[in-house]
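Enquirer: next input, structure requested:
(one chain, ligands or ions: 1)
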Amino acid sequence: MALLKLSSSIASTSASLGVAPAIAHSSARSGGVALSWKHSCSPFHAALSSSPGCSSRALPSGVARASQATGVSAVSAEDLNEKFGAKGVKVQSGEGGLTKVVLSTPAGSEAEVYLYGGCVTSWKTSEGKDLLFVRPDAVFTGQKPISGGLPHCFPQFGPGPIQQHGFARNVSWEIASSQSDDETTTLVLQLKPSDYSRNMWDYEFLVTFKIVLGGEKLTTELVVENIDSKPFSFTTALHSYFKADASKTSVTGLKGCKRLDKPYEDPANPIEGQEDRDVIEFPGFVDTMYRETPSELLLDNGFGTKLSIKNEGWTDAVLWNPYLTMEACYKDFVCVENAKLAPVELQPGQSWTAKQFLSPL
Ligand SMILES: O=P(O)(O)OC[C@H]1O[C@@H](O)[C@H](O)[C@@H](O)[C@@H]1O
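Expert: Just a heads-up that it's a prediction; the model follows:
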């Protein structure tokens, strides 16, 4: 069940960061890995996706390209560090000059969060193992979503009328606050409307993303508030990329759920069914949306780590592995995405909250 509640007050933001001109840097995370993507263009991807090689067709009028959004913070990492830096919170210039926040705890766990896309790109337990995955084709230019970690799909999961997975993953978020104590480190980001977002989704909203790193756990809370004078509705997901040996990976907990399989060539027309497997593996292309999912899924990443993926408020889930359409990396990750696939309708003043709790067992 979605948690709908009236929002009494809107948190004020300490930083004021607009969407600023793009920087010239262009840095692939691959460190020189040769890329030979076969991610060919489905009709939907061809029109709206940021996928490599899929950007040449005309867009419906009023729809902005992802590449028109730019994500460089207007305030330098040094200034932000001055304001929000603390024990366990360091604001730094990251890949491609994009601002990142490095979170750490006394127990030795660490996370990295890029303000561009409000994207957690790394989460290391105290053993130093990064449990998240960033694709080798991910770019840190501030002009395309970072493909990896925990990107946001908002205000549309898709396919739909605006760009694939919405705009939240390809705009700069602001730091609202940071905090750390002996056990946990917390970073709160906010996303506000811009000309870019209004051009495709003309609503006034406030999205708050709280990231809490504590011991061996990574908890996130997403709050969407309608601060407009008119209602709006949205769909959303936390497009979580987990490092995995896909040939040995499995997900448990979805038996009995309604499933919608998205054919690669026609993702807008999914095939309905019901999940009858206790344990789901990834032997080939997987792109399945599950409805009314339980509050906990278990991911065995094939490297000996079992991860509990709990949630509150996320009512649906998506499993994705691109298989040979991304030959260079499909063996190395799976996406297990907490999602909200049925539109959430918010009246002015209302908000919606969903939490994700990740912890190795
Ligand atoms: O390449 P993108 O835009 O990040 O999307 C990747 C995939 O994301 C998944 O969530 C979708 O179910 C897939 O259909 C999609 O291909």
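Enquirer: show me what from the stretch 151-300 of the chain comes close to the ligand.
Expert: Gln164, His165, His239, Lys262, Pro267, Asp287 (CB under 6 Å from any ligand atom). C-beta here means a position set from N, CA and C on the backbone, and glycine is covered the same way.
Enquirer: which SSE is immediately downstream of the helix or strand Thr208 falls within?
Expert: Element membership for Thr208 (DSSP states H and E) is strand 205-214. Tracing the chain C-terminally past strand 205-214 and defining elements by DSSP H and E, one meets strand 217-226 next.
Enquirer: and that next one, which strands flank it?
Expert: With DSSP bridges as the test, strand 217-226 is paired with strand 205-214 (antiparallel), strand 350-360 (antiparallel).
Enquirer: how about stretch 224-232: buried residues?
Expert: Val224, Glu225, Asn226, Ile227, Asp228, Phe232 (16 or more other CB atoms under 10 Å).
Enquirer: between which two of those residues is the distance greatest?
Expert: The largest separation in the buried residues of stretch 224-232, counting by CB to CB, is between Val224 and Asp228 at 11.7 Å.
Enquirer: closest to the centroid, which residue in the protein?
Expert: Geometric centre of the chain, nearest residue: Pro151, 1.7 Å, by CA atoms, centre = their mean.
Enquirer: pretty sure that one is touching Pro145, no?
Expert: Yes: taking CB atoms under 8 Å as the definition, Pro151 is a contact partner of Pro145 at 5.8 Å.
Enquirer: can you name the next helix or strand after the lowest-mean-pLDDT helix or strand in the chain?
Expert: Across the helices and strands of the chain, mean confidence by mean pLDDT, DSSP states H and E is lowest for helix 43-48: a mean of 30. Next helix or strand after helix 43-48 toward the C-terminus (DSSP H and E): helix 77-84.
Enquirer: show me the beta-bridge partners of Val251.
Expert: Ile280, Leu299.
Enquirer: so how far is Val286 from it?
Expert: 10 Å (CB to CB, to the nearest Å).
Enquirer: okay, and the common contacts of the two?
Expert: Shared contacts of Val251 and Val286, defined by CB atoms under 8 Å, 6 or more residues apart in numbering, are found at Leu319, Val334.
Enquirer: before we move on, back to that, so what's in contact with Pro151 and Pro145 at the same time?
Expert: Gly117, Cys119, His165, Arg169.
Enquirer: in ChimeraX, select just the buried ones from those.
Expert: In ChimeraX, a selection of the buried entries from those looks like this (16+ other CB under 10 Å):
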select :117,119,165,169
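Enquirer: dump the shared contacts of Pro151 and Pro145 into a markdown table; add distance to Lys331, secondary structure and pLDDT as well.
Expert: Listed next are the shared contacts of Pro151 and Pro145 as a markdown table, based on distance: CB to CB, whole Å; DSSP: H, G, I helix; E, B strand; the rest coil; pLDDT from 0 to 100:
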| residue | distance to Lys331 | secondary structure | pLDDT |
| --- | --- | --- | --- |
| Gly117 | 25 | coil | 98 |
| Cys119 | 23 | strand | 98 |
| His165 | 23 | coil | 97 |
| Arg169 | 24 | helix | 98 |
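Enquirer: closest to the ligand among the shared contacts of Pro151 and Pro145?
Expert: His165 (5.3 Å; CB to the nearest ligand atom).
Enquirer: who does the residue nearest to that closest one when sequence neighbours are not counted bridge with?
Expert: Excluding the flanking residues, the one nearest His165 by CB to CB, 6 or more residues apart in numbering is Cys153, at 4.0 Å. Counting by DSSP bridges, Cys153 is bridged to Ala237.
Enquirer: ok, Cys153 - contacts?
Expert: Contacts of Cys153 by CB under 8 Å, 6+ apart are His165, Gly166, Ala168, Arg169, Thr235, Thr236, Ala237, Leu238, His239, Glu337, Ala339.
Enquirer: which one of the residues you listed is nearest to Gly215?
Expert: Nearest member of those to Gly215, counting by CB to CB, is Leu238, at 20.6 Å.
Enquirer: contacting residues around that closest one?
Expert: Leu238 touches Leu150, Pro151, His152, Cys153, Thr220, Leu222, Trp314, Glu337, Asn338, Ala339, Gln356, counting by CB under 8 Å, 6+ apart.
Enquirer: thinking again about what came up before, so which of the residues of the stretch 151-300 of the chain next to the ligand belong to strands?
Expert: Per DSSP state E, strands hold the following members of these: Asp287.
Enquirer: filter the residues of the stretch 151-300 of the chain next to the ligand to the buried ones?
Expert: Using 16+ other CB under 10 Å as the burial test, those include Gln164, His165, His239, Lys262, Pro267, Asp287 as buried.
Enquirer: redo those as CSV? Include distance to Val113.
Expert: As requested, those are exported to CSV (distance: CB to CB, whole Å):
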residue, distance to Val113
Gln164, 22
His165, 18
His239, 15
Lys262, 29
Pro267, 29
Asp287, 27
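Enquirer: for Ile245, give its distance to Asn301.
Expert: Quick fix: residue 245 reads Asp, not Ile. Distance of Asp245 to Asn301, computed by CB to CB: 7 Å.
Enquirer: whoops, I mixed them up, Glu275
Expert: Counting by CB to CB - Glu275 and Asn301 are separated by 20 Å.
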